[in-house]
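Chemist: prediction below, plus the sequence it came from.
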Amino acid sequence: MNNLKIVIGAGEYNNNPSWLLTQESELNMLKRDDWTKRFKENTVDAILAEHVWEHLDFDEGKEAARICYEFLKPGGYIRCAVPDGFFPNDEYQRGVQIGGPGPKDHPAASHKIVHNYKTITKMFEEAGFEVSLLEYCDEVGEFHYNDWDEKKGFIYRSKRFDHRNKDGKLGFVSLIVDARKPI
């Protein structure tokens, strides 16, 4: 396949229609066998994971990144968006906390980590990637934005596209990075 782009944990949304949409049941990030059954090493151009990596603890996240690394072409990348541990909003932080805010069937109930730009950068770098921060909050809660092309992986929960961000006020942000496999 030329120009192989994969969405991991696509859910019911199809924000990236030309990409291969996958669910955990068919492509588990931590099961290398799932990958080898479908792809050859060094053949994937891009991987998109919007609010997926927070369901893995740090070591699991690093292992998933290492597996993805094997299958990405040199120069390929993972566009990853997760809840931002430095976003200064108490309601947001309650909603994304480890273990979730409420019932066991709430999607956040399986959150194992709340990343900030330092932890996610470290995780991907330890797996061999070069990391570019696209959207994130720093330690004092200041939001930073570096322009990114949504055609290279659309992230709904972002400054530009989330409906909760309006009138110049941020209601919901993600920590968004591109983790690139060196050439």
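Modeler: Cool, the structure landed. Quick caveat, the model's predicted, so the values are computed rather than measured.
Chemist: from here on, just use CA atoms for contacts and neighbour counts.
Modeler: Will do.
Chemist: sketch out the low-pLDDT regions of the protein for me.
Modeler: Applying pLDDT under 70 to the chain flags the ranges 1, 102-103.
Chemist: tell me which residue is most central in it.
Modeler: residue 80 (2.4 Å; Cα atoms, centre = their mean).
Chemist: quick check: closest non-adjacent residue to that residue.
Modeler: Leaving aside its chain neighbours, residue 80 sits nearest to residue 49 (4.9 Å; criterion: Cα to Cα, 6 or more residues apart in numbering).
Chemist: residue 107 now?
Modeler: Closest to residue 107 by Cα to Cα, 6+ apart is residue 100, at 7.5 Å.
Chemist: and that neighbour, how many residues sit next to it?
Modeler: Counted with other Cα atoms under 10 Å, the neighbours of residue 100 add up to 19.
Chemist: that one belongs to a helix?
Modeler: No - if the criterion is DSSP: H, G, I helix; E, B strand; the rest coil, then residue 100 is coil and not within a helix.
Chemist: I'd say the residue nearest to the centre of the chain and residue 178 touch.
Modeler: Yes - using Cα atoms under 8 Å, residue 80 is in contact with residue 178, at 6.4 Å.
Chemist: show me what the helix or strand hosting residue 60 is packed up against.
Modeler: Per DSSP states H and E, residue 60 falls inside helix 58-71. Other helices and strands packing on helix 58-71, by 3 or more Cα pairs under 8 Å, 6 or more residues apart in numbering; DSSP states H and E, are helix 117-126.
Chemist: how far off centre is the helix it packs on?
Modeler: Computed by Cα atoms, centre = their mean, to the nearest Å, the chain-centroid distance of helix 117-126 equals 12 Å.
Chemist: same question for stretch 118-131.
Modeler: That offset, for stretch 118-131, works out to 12 Å (Cα atoms, centre = their mean).
Chemist: got the contact list for that stretch?
Modeler: 58, 61-63, 65-66, 69, 177-182 (Cα atoms under 8 Å, 6 or more residues apart in numbering).
Chemist: apply 10 Å and report the result again.
Modeler: Applying Cα atoms under 10 Å, 6 or more residues apart in numbering, the contact partners of stretch 118-131 are 53-54, 58-69, 75-82, 84-85, 113-115, 132-133, 138-139, 175-182.
Chemist: how about the strands in the chain?
Modeler: Using DSSP state E, the strands assigned to the chain run over residues 5-7, 20-21, 44-50, 72-82, 130-137, 143-145, 175-180.
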